[in-house]
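Engineer: got a predicted structure plus its sequence, pasted below:
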Amino acid sequence: MAKKDTITLKQIGSPIRRPEAQRKILIGLGLNKMHKTVTRQDTPEVRGAVAKIPHLVEIVD
């Protein structure tokens, strides 16, 4: 009945030796440690941030 409007993200890659912009995207999403999961609103902004770092995060269903 209620539509799903959240997205769960899991960090799968380390920010070590990554550009500063990618580190800032991880921090902006609330991720800072390996295998940490966070739940965010499913907005175009969050989807765009995930699209910029697909090698560092995955969407958990």
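Structural biologist: Arrived safely. Residues are numbered from 1 along each chain as shown.
Engineer: which phi and psi does the nearest residue to D5 once chain neighbours are set aside have?
Structural biologist: Counting by CB to CB, 6 or more residues apart in numbering, the nearest residue to D5 once its immediate chain neighbours are dropped is D42, at 5.3 Å. From N, CA and C alone the C-beta is placed, and that goes for glycine too. Dihedral angles of D42 (phi, psi; degrees, to the nearest 10) stand at phi -80, psi 90.
Engineer: ok, now how distant is D42 from K36?
Structural biologist: According to CB to CB, to the nearest Å, D42 and K36 sit 19 Å apart.
Engineer: what of V50?
Structural biologist: Applying CB to CB to V50 and K36 gives a distance of 15 Å.
Engineer: isn't the residue nearest to D5 right up against T8?
Structural biologist: No - counting by CB atoms under 8 Å, T8 is not a contact partner of D42; they are 9.8 Å apart.
Engineer: next, count neighbours for the residue nearest to D5.
Structural biologist: As a burial measure, D42 scores 14 neighbours (other CB atoms under 10 Å).
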